[in-house]
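# how would this look folded up:
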Amino acid sequence: LDLTLTNPAIPEVEARDPWLTTSGLLAAGRGWAGGDDPAQPRLSPVNGPLVPLAPIDVYIGTRDLFYPDVRRLEERAATEGASVNVIVCDGAVHVYPLVPAPEGRAAARAIVRSAAS
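Numbers count the residues shown, from 1 in each chain. As a prediction, this is how the structure comes out:
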């Protein structure tokens with residue numbers, strides 16, 4: 001959502017995230033940006049207009065370093081009238097729907113149901 005990872009709430013969540021680090025993600029973001037400004041909306045969509053986007057479902061765990069930016073996206077979407085549905089799993093990590101745990105399996109089933117409808 002934001003390759004710059006400048007959200008001031010990220011360090012607090014990073015301390016609880018067992019998988020992701022800002023240093024690794026910033027390096028990956030620089031590579032993805034290919035020399036372009038990583039803050040531009042094409043690379044960091046949370047910095048651009050949300051209304052032209054298709055409806056979005058976001059599955060996020062509270063231990064995911066991206067959690068603060070997902071909350072920011074959710075707030076902006078509500079303000080701008082964009083269709084963003086955020087599903088929060090307390091204590092879950094990044095890409096938890098892929099984790100073979102009850103919460104992950106339930107989220108994966110919900111994603112499949114949504115895609116099939």
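# next, the contact list for residue 68, please.
By CB atoms under 8 Å, 6 or more residues apart in numbering, the contact set of residue 68 is 7, 9, 10, 13. In short, each C-beta sits where N, CA and C put it, glycine included.
# wait, I meant residue 4
So residue 4 contacts 26, 29, 38, 39, 44 (CB under 8 Å, 6+ apart).
# what helix or strand is the first one on?
Think residue 26. Element membership for residue 26 (DSSP states H and E) is helix 22-33.
# per-residue pLDDT, residue 95?
pLDDT recorded at residue 95 is 96.
# if we can go back for a sec, quick one: the helix holding residue 26 to chain centroid distance?
Distance, stretch centre to chain centre, for helix 22-33: 15 Å (CA atoms, centre = their mean, to the nearest Å).
# just the CA trace of that helix, in PDB.
This file holds the C-alpha atoms of helix 22-33, laid out as PDB (Å, rounded to 0.1, in the frame of the first residue of the first chain):
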ATOM      1  CA  THR A  22      10.900  -2.500   7.400                       C
ATOM      2  CA  SER A  23      14.600  -2.800   6.300                       C
ATOM      3  CA  GLY A  24      13.800  -5.800   4.100                       C
ATOM      4  CA  LEU A  25      10.600  -4.300   2.800                       C
ATOM      5  CA  LEU A  26      12.200  -0.900   2.000                       C
ATOM      6  CA  ALA A  27      14.900  -2.700   0.000                       C
ATOM      7  CA  ALA A  28      12.300  -4.700  -1.900                       C
ATOM      8  CA  GLY A  29      10.300  -1.500  -2.500                       C
ATOM      9  CA  ARG A  30      13.300   0.300  -3.900                       C
ATOM     10  CA  GLY A  31      13.800  -2.600  -6.300                       C
ATOM     11  CA  TRP A  32      10.100  -2.600  -7.300                       C
ATOM     12  CA  ALA A  33      10.100   1.100  -7.800                       C
END
